[in-house]
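A.B. asks: need a structure here:
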Amino acid sequence: MNRTFLISVIIISFQIVNSQTKNFIDQPYLETSAKVDTLIKPDIIYLDILIREKDERNRISVEEMESKMIQKLKSFGINTEKQLTLSDLASNFKKYFLKQKDIMKDKAYELKVFDSQTAGKVLVGLEEIGISNVNLDRTEYSKMEELKLQLKFKAVEKAKKQADFLVRPLNQKITRAIHITDKYYETYNNFKGELQEVVVVGYSSRGKQEYEPPTIEFRPIKVESEVSIKFAID
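C.D. replies: The predicted structure follows:
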């Protein structure tokens, strides 16, 4: 008895769902899609820094170079406790045995800065103290979530405007949205150690005393939002 009742409920439920789907398809509607995009300037910049002992008679230890690096970064107003992190904890113990009593070490860091001017100062400042292995890793935009919502709103507005224009010559009008889908795209600059997405201007290899922070221009991040909407028409 219970089994028969359960089967009946399943059949009725299927009929209701099928009826709703049919009603959705059968009613007159207009489907339109719209896409909006924008370019934004990144406001978070990540730099990879590698400190490595040099194979020299008067070798400077990693610890000494690290201390010099931190002092230099602080001179630029960088909060090293919050903005500088070890990118690989294992790098603290990475060693290269060249001779029985000779050990070379390296240490990798990730530095976060918030504008291209500071990034330029870091590139020059670290080279002045003998740290030249600095690479641009990636850029980000801090208000991305807020921007997503703004673009979706504009895309829906654009889709509605398009729908209004399409039905106007037919002396019809759209009533309500009966189905909405949206897509979102963002293109970040993931450098992975390469300088393909950055232009450095004004950087010279003249005497260290004449160094000036280079003007770095980051390519903007492209953000897109796309919606597809089915409007009921009357």
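
A.B. asks: show me where pLDDT drops low in this protein?
C.D. replies: Scanning the chain for pLDDT under 70 picks out 1-25, 54-58, 88-104, 188-216.

A.B. asks: at which residues are the helices of it located?
C.D. replies: Under the criterion DSSP state H, the chain contains helices at 2-26, 62-75, 80-83, 116-128, 144-167.

A.B. asks: in TSV, list these along with mean neighbour count and distance to Thr32.
C.D. replies: All C-beta spots, glycine's among them, are computed from the backbone N, C-alpha and C. Output for those, formatted as TSV (neighbours: other CB atoms under 10 Å; distance: least, CB to CB, whole Å):
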stretch	mean neighbour count	distance to Thr32
helix 2-26	10	17
helix 62-75	16	52
helix 80-83	12	46
helix 116-128	20	40
helix 144-167	16	5
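
A.B. asks: nearest to Pro42, out of those?
C.D. replies: Set against Pro42 and scored by CB to CB, the helices of the chain come closest in helix 116-128, at 8.7 Å.

A.B. asks: give the other helices and strands that the closest one contacts.
C.D. replies: Packing partners of helix 116-128 (3 or more CB pairs under 8 Å, 6 or more residues apart in numbering; DSSP states H and E): strand 44-52, helix 62-75, strand 102-113, strand 134-140, strand 215-218.

A.B. asks: quickly list the domain ranges of the protein.
C.D. replies: The chain breaks down by automatic domain parsing into domains covering 26-42+142-234, 44-140.

A.B. asks: tell me the bridge partners for Ile174.
C.D. replies: Ile233 (DSSP bridges).

A.B. asks: which ones are touching the residue nearest to Val167 when sequence neighbours are not counted?
C.D. replies: Setting aside the residues directly before and after it, Val167 is nearest to Ile233 in space (CB to CB, 6 or more residues apart in numbering), at 5.6 Å. The contact partners of Ile233, by CB atoms under 8 Å, 6 or more residues apart in numbering, come to Pro28, Tyr29, Leu30, Val167, Gln172, Lys173, Ile174, Thr175.

A.B. asks: reformat the residues you listed as TSV; add distance to Gly130.
C.D. replies: Below are the contacts of Ile233 laid out as TSV (distance: CB to CB, whole Å):
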residue	distance to Gly130
Pro28	74
Tyr29	68
Leu30	67
Val167	70
Gln172	74
Lys173	72
Ile174	67
Thr175	70
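
A.B. asks: between those residues, which is nearest Asp137?
C.D. replies: Asp137 has its nearest neighbour among the contacts of Ile233 in Leu30, at 46.1 Å by CB to CB.

A.B. asks: count of neighbours near the closest one?
C.D. replies: 17 (other CB atoms under 10 Å).

A.B. asks: I am finished for the moment; much appreciated.
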